[in-house]
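In: Give the three-dimensional model of this entry:
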Amino acid sequence: MINLSKKRSQIQELSHALDELFTSFDKSFGPSYFPLTDAIIRVQRKVERGDHPYAWANKLILFLQARTTLRGLYVSPEQSEKMKKVFDLCRRTHLNFVYLSPLDSTNQFK
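Out: I've put the predicted structure just below:
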């Protein structure tokens with residue numbers, strides 16, 4: 001019982017961190033940032049459903065890092081800090097999933 005409530009609290013913390021991350025990227029202007037916010041929203045929905053929240057959040061951070069680097073998008077220190085917070089919450093997740101699309105593609109979150 002205690003373990004279950006601890007897990008719920010951790011998932012709520014992850015959900016809150018994703019909300020903050022979305023808010024920080026939602027302030028960014030331009031069509032090149034739309035896929036980033038779209039991916040964050042899709043992962044938020046998966047977290048709400050309980051569909052392997054830590055694995056999806058970890059995959060999201062890899063996507064955000066790849067997309068911003070490959071496309072030369074600016075990431076503010078605030079956004080970087082929020083990405084690190086989500087990454088730290090998912091640190092011990094095993095990333096045993098197969099990429100069926102490029103690392104910087106939003107298709108992996110469908």
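In: Looking at this protein, which helix is longest?
Out: Among the segments of the chain that qualify as a helix by DSSP state H, the longest is helix 2-26.
In: For it, which outside residues touch it?
Out: Defining contact as Cβ atoms under 8 Å, 6 or more residues apart in numbering, one finds that helix 2-26 is touched by 33, 36-37, 40-41, 43-44, 47-48, 50, 53-54, 57, 60, 76, 78-79, 82-83, 85-86, 89-90. (Each C-beta comes from the backbone N, C-alpha and C, glycine too.)
In: Show the buried residues in those.
Out: Buried residues within the contacts of helix 2-26, defined by neighbour count using 16 or more other Cβ atoms under 10 Å: 33, 36-37, 40, 43-44, 47, 53-54, 57, 60, 79, 82-83, 85-86, 89-90.
In: my guess is Ala39 contacts Leu60, does it?
Out: Yes - judged on Cβ atoms under 8 Å, Ala39 makes contact with Leu60 at a distance of 6.0 Å.
In: Please identify every residue contacting each of the two.
Out: Between them, Ala39 and Leu60 have Phe109 as joint contacts when contacts are counted by Cβ under 8 Å, 6+ apart.
In: host element of Leu62?
Out: Counting by DSSP states H and E, the element that carries Leu62 is helix 53-71.
In: quick one, that helix and helix 2-26 angle?
Out: Orientation note: helix 53-71 sits at an angle of 20 degrees relative to helix 2-26 (axes from the mean of the first three to the mean of the last three Cα atoms, to 10 degrees).
In: What mean pLDDT does helix 53-71 get?
Out: Per-region confidence: helix 53-71 scores 91 on mean pLDDT.
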